[in-house]
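Q: After the sequence you'll find the predicted model.
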Amino acid sequence: MSSMMWGGRFTDGPDEILRRFNDSLGYDIRLLPWDVVASMAHARMLAEVGILEDGERDELLAGLRGIFDGGAAGLPAAEDVHSAVETALYERAGRVAGKLHTGRSRNDQVATDLRLYLRARSLDLAAACLTLAGTLLRRARAHQDDPMPGYTHLQRAQVITIGHHLGAYVEMLLRDAGRHLEVHDSSLLCPLGSGALAGSSLPLDRRRVASLLGFDGITMNSLDAVSDRDGAATALFAATLSMIHLSRLAEEMTLWVSGEFAILALPDRFCTGSSLMPHKKNPDVPELIRGRAGRALGDLVTLLTVLKGLPLAYNKDLQEDKEALFDAQDVLGDALGILDRIWDAATFDRARARALAEGGNLSATALAELLVRRGLPFREAHHRVGAAVQLADAAGGTLETLSSSALEEALGVEGVPGTIRTAAGLAAGQVTSGSPGPGPMREALRDMGRRRSALARRVTSRRDRLPSRAPSPHPDVVGNPFQQIDSDEDSS
């Protein structure tokens, strides 16, 4: 049997250069488990509506199980994964394999496969975000009272804590996990049965197929169903924004390990050296993450550009969705995994971080707020502290090195507490919710932990609805993906 699903009206086979330009099996093979799962659901439905005999259904299901067990290595060369599965099914089941495509098109097949893939892959990425968030949260708890400078415009601005800084990235990762869950939740309507663009005259039970595959329901416009790639675009945006967040973290890591900052040390096993300079220890991983964020951004632009001018319904341009999607998600998955391992072992130099937070006029804002508590309008307090900074500059020092008497004279108050000019005192003095003060930090860390746990429960509950119990949608997946479909029990 030819691996082409469309050759009946042609008198000549495709040119070799067309094959190379057109074929997509090299990357859409990743959809193999989902193509098989959806095909099994379709076969069961065809038998239930009387298009297949029970024996034919069983032959098809047995052949599809064998294809899954054989994995990518067991597939013949073909134009795409759908053609490869059909050709392999002919080899296993014979002529009855020709009945499986009844009432469907590769257009609604790929739309369904892609939604199944997105449901599973988005949960993988949400879980990976939560894993890294958990590691950073643990490190934030360990350093919640350790002062470091906070920056605006990359200039030291106010004293925060290491835990507070890491907590900012925990917040980003929690938002990222939520976005990947939204990708899953936006992919819960089943397109199968939409055909090429206009459905079918056969009595297909689309809702039965949707139920077998763990969807909430069916798409209601066949034109939109086969051409919709909103899920892929949303997934690409979620992956890209996650990579932007990781790129920001990577940028700070490269700063923190530099000699100018020297507050973070990365494990040797995650760094490289120089071929010329024997002393170098280079933070290649965070630098690569910064660079690969650009790849993810390019992938997003690629897909949006493909979609921007397409008429309805299906167009071959849509074949370009998968390479961009898979690449961005792979880049993100790799980055999350390696950053989690690095942050599990990286170490902070607490003393160095504290030293950077001492001095440098970092007490200026706290001094202005002290004057406000003494009854001055904030704008007047701001000017008085600014004048004190000028006085310190003229003396070759900072607010922290001025004598108490000189400072109090410049501010026009008495009894300025000494702790207000120390890093520990400044960090501890912040009292608003969300700030680096001890009470707010404890509150924030508890809240982040609760939200992370709630998101993890959402991931678990959604995994239970997938037609596959396998942990990954990749072709080398292990486990039985047919737990709901390959059964005599009614799972509707």
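A: Ah, there it is. Numbering: from 1, shown residues only.

Q: Please give the element, helix or strand, for R92.
A: Assigned by DSSP states H and E, R92 belongs to helix 81-93.

Q: List of residues touching that helix?
A: 1-5, 24-25, 28-29, 31-32, 35-36, 39, 59-60, 62-64, 66-67, 70, 74-78, 97-98, 100-101, 106, 109-110, 113 (Cβ atoms under 8 Å, 6 or more residues apart in numbering). Glycine gets a C-beta too; all of them are placed from N, C-alpha and C.

Q: List only buried entries from those.
A: Buried members of those, counted by 16 or more other Cβ atoms under 10 Å: 3, 5, 24-25, 28-29, 31-32, 35-36, 39, 59-60, 63-64, 66-67, 75, 78, 97, 100-101, 106, 109-110, 113.

Q: Keep only those of those residues that are in helices.
A: 25, 28, 32, 35-36, 39, 59-60, 63-64, 66-67, 106, 109-110, 113 (DSSP state H).

Q: just how off-centre is stretch 334-352 within its chain?
A: 19 Å (Cα atoms, centre = their mean, to the nearest Å).

Q: Now that stretch - C-alpha only, CSV.
A: Backbone C-alpha positions of stretch 334-352 (Å, rounded to 0.1, in the frame of the first residue of the first chain) are rendered in CSV as follows:
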residue,chain,number,x,y,z
ASP,A,334,15.4,22.2,28.8
ALA,A,335,15.9,25.6,30.4
LEU,A,336,13.6,24.9,33.3
GLY,A,337,15.2,21.5,34.0
ILE,A,338,18.8,22.7,34.0
LEU,A,339,18.0,25.9,36.0
ASP,A,340,16.3,23.7,38.7
ARG,A,341,19.5,21.6,39.0
ILE,A,342,21.7,24.7,39.2
TRP,A,343,19.6,26.4,41.8
ASP,A,344,19.4,23.3,43.9
ALA,A,345,23.2,23.5,44.3
ALA,A,346,24.2,27.2,43.8
THR,A,347,25.5,29.1,46.9
PHE,A,348,25.2,32.7,48.0
ASP,A,349,28.0,34.6,49.7
ARG,A,350,25.8,36.1,52.5
ALA,A,351,28.6,38.3,53.8
ARG,A,352,29.4,39.8,50.4
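
Q: Any buried residues in that stretch, and which?
A: For stretch 334-352, burial by neighbour count (16+ other Cβ under 10 Å) applies to 335-336, 338-340, 342-343, 346, 348-349.

Q: Ok, stretch 443-457 next?
A: For stretch 443-457, by 16+ other Cβ under 10 Å, it's 444-445, 448-449, 451-452, 455-456.

Q: what's the answer for stretch 300-318, then?
A: 300, 302-303, 306-307, 313-314, 318.

Q: S405: which of the residues you listed is nearest?
A: L300 (59.7 Å; Cβ to Cβ).

Q: Show the contacting residues for the closest one.
A: Here L300 is in contact with 233, 236-237, 239-240, 324, 328 (criterion: Cβ under 8 Å, 6+ apart).

Q: Can you add distance to D146 and pLDDT and give those back as CSV?
A: Shown next, in CSV, are the contacts of L300 (distance: Cβ to Cβ, whole Å; pLDDT from 0 to 100):
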residue, distance to D146, pLDDT
A233, 42, 98
L236, 38, 98
F237, 35, 98
A239, 33, 98
T240, 33, 98
A324, 42, 97
A328, 35, 98
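
Q: and of these, the nearest to R179?
A: F237 (7.9 Å).

Q: Spit out the contact partners of that closest one.
A: F237 sits in contact with 179, 300, where contact means Cβ under 8 Å, 6+ apart.

Q: circling back: go through the buried residues of stretch 300-318 and name the one nearest P149.
A: Nearest member of these to P149, counting by Cβ to Cβ, is L300, at 34.2 Å.

Q: then the helix or strand hosting that closest one to CSV, C-alphas only?
A: Secondary-structure assignment from DSSP H and E places L300 in helix 284-307. In CSV, the C-alpha atoms belonging to helix 284-307 read as follows (Å, rounded to 0.1, in the frame of the first residue of the first chain):
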residue,chain,number,x,y,z
ASP,A,284,27.5,29.4,30.0
VAL,A,285,24.1,28.0,31.0
PRO,A,286,22.5,31.3,31.9
GLU,A,287,24.1,32.9,28.9
LEU,A,288,22.6,30.2,26.6
ILE,A,289,19.2,30.7,28.2
ARG,A,290,19.4,34.4,27.4
GLY,A,291,20.2,33.5,23.8
ARG,A,292,17.6,30.8,23.5
ALA,A,293,14.9,33.2,24.7
GLY,A,294,15.5,34.8,21.3
ARG,A,295,14.7,31.5,19.6
ALA,A,296,11.4,31.2,21.4
LEU,A,297,10.5,34.7,20.5
GLY,A,298,11.4,34.0,16.8
ASP,A,299,9.2,30.9,17.0
LEU,A,300,6.2,32.9,18.2
VAL,A,301,6.7,35.5,15.4
THR,A,302,7.0,32.6,12.9
LEU,A,303,3.6,31.2,13.8
LEU,A,304,1.8,34.5,14.0
THR,A,305,3.2,35.5,10.6
VAL,A,306,2.0,32.2,9.1
LEU,A,307,-1.5,32.7,10.5
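
Q: Next secondary structure after that helix?
A: helix 321-345.

Q: hey, where'd the strands end up in the chain?
A: 147-152, 155-161, 189-190, 217-218, 264-265, 347-348 (DSSP state E).

Q: Looking at these, spot the one closest to A127.
A: strand 189-190 (23.4 Å).

Q: Check the offset of that closest one from the chain's centre.
A: On Cα atoms, centre = their mean, the centre of strand 189-190 falls 22 Å from the chain's centre.

Q: which strands and helices sit next to it?
A: helix 106-142, helix 206-212, strand 217-218 (3 or more Cβ pairs under 8 Å, 6 or more residues apart in numbering; DSSP states H and E).

Q: Would you mind listing the outside residues contacting the shortest one?
A: For strand 217-218, the surrounding residues in contact (Cβ under 8 Å, 6+ apart) are 188-191, 193, 206-207, 210.

Q: Can you select the buried ones among the residues you listed for me in ChimeraX?
A: To isolate the buried members of the contacts of strand 217-218 in ChimeraX, using 16+ other Cβ under 10 Å:
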select :188,189,190,191,193,206,210
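
Q: And the contacts of strand 217-218, which is closest to V285?
A: L188 (35.9 Å).

Q: Mind listing the residues bridging to the spatially closest residue to A353 that is not a sequence neighbour?
A: Leaving out its chain neighbours, the residue that sits closest to A353 by Cβ to Cβ, 6 or more residues apart in numbering is M148, at 4.0 Å. With DSSP bridges as the criterion, M148 is bridged to I160.

Q: for the stretch 351-492 of the chain, what spans make up the helices?
A: 364-373, 378-394, 404-411, 423-428, 438-463 (DSSP state H, counting those that start in this stretch).
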